[in-house]
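Participant: Below are the sequence and a predicted model for it; my questions follow.
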Amino acid sequence: MRTLISTAFISLDGFMEAPGGEPGYRNSGWTFKDVEFVPEAFEIKEREQQEATAILMGRVSYEAFSPVWPDMEEFARYKTMPKYVVSTTLTEDELVSNWGETTILRSLDQVAALKESEGGPIIIHGSTSLNHGLSDAGLIDRYHLLVYPLLLGAGKRLFSTTDKDTQKLTLVEHEVYPNGVQKQVFDVVR
């Protein structure tokens with residue numbers, strides 16, 4: 001079974017909206033505007049590219065990443081790996097042609113089947129709604145979090161607010177950087 005890894009920049013109060021400066025959110029760009037840049041905090045991002053064998057994202061994240069990431073040198077490895085977009089509305093003709101193999105999945109059942117297939121880890125970038133659905137369905141295996149020392153107060157949350165049983169996590173890696181950012185890697189206990 002493949003490992004499904006959710007990776008996110010989140011505020012201390014659990015918000016993940018618009019860390020890279022995406023328009024329309026009052027705190028847009030909070031990862032670089034409000035906290036000093038410390039390069040070593042991003043080691044995990046390079047490692048994710050080396051370890052992942054596929055990318056999974058929702059339609060909104062695909063529409064945000066696909067015009068930009070294919071031409072960014074720091075995401076060169078992602079250009080060659082398979083991408084899966086979970087969407088009931090995205091069509092084949094809306095996929096970009098310069099970002100490699102991309103498959104549209106129409107349901108969480110198709111994501112579960114993908115997890116059962118041969119291959120290595122699948123990384124989920126962004127994709128708030130998809131993260132909620134995957135977590136609620138028990139499909140996420142690991143979280144890679146860079147937690148910023150900020151309270152944003154509002155926005156899209158990484159974690160679902162669905163009333164469900166406790167989900168235990170095991171901390172497998174952590175580090176605190178001089179700018180207050182914390183790396184936290186958790187495995188989901190089954």
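Facilitator: Thanks, I have it. None of the values given here were measured: they were computed from a predicted structure. Numbers count the residues shown, from 1 in each chain.
Participant: how about the strands of the protein, start to end?
Facilitator: Remark: strands assigned in the chain by DSSP state E are 4-11, 54-58, 83-86, 102-105, 122-125, 142-148, 169-176, 182-188.
Participant: Distance to residue 113, mean neighbour count and mean pLDDT for those strands - can I get that in CSV?
Facilitator: C-beta coordinates here come from the backbone N, C-alpha and C atoms, glycine included. CSV is the format used below for the strands of the chain (distance: least, C-beta to C-beta, whole Å; neighbours: other C-beta atoms under 10 Å; pLDDT from 0 to 100):
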stretch, distance to residue 113, mean neighbour count, mean pLDDT
strand 4-11, 12, 22, 97
strand 54-58, 13, 24, 97
strand 83-86, 11, 23, 98
strand 102-105, 9, 18, 98
strand 122-125, 12, 23, 96
strand 142-148, 19, 20, 98
strand 169-176, 25, 12, 98
strand 182-188, 19, 18, 98
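Participant: For residue 26, find the nearest of those strands.
Facilitator: Closest of the strands of the chain to residue 26 is strand 4-11, at 12.6 Å (criterion: C-beta to C-beta).
Participant: just to revisit the earlier point, dump the strands of the chain into a markdown table; add distance to residue 75 as well.
Facilitator: Output for the strands of the chain, formatted as a markdown table (distance: least, C-beta to C-beta, whole Å):
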| stretch | distance to residue 75 |
| --- | --- |
| strand 4-11 | 13 |
| strand 54-58 | 10 |
| strand 83-86 | 11 |
| strand 102-105 | 14 |
| strand 122-125 | 10 |
| strand 142-148 | 16 |
| strand 169-176 | 22 |
| strand 182-188 | 19 |
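Participant: Identify whichever of these lies nearest to residue 157.
Facilitator: The nearest among these, by C-beta to C-beta, is strand 4-11 at 8.4 Å.
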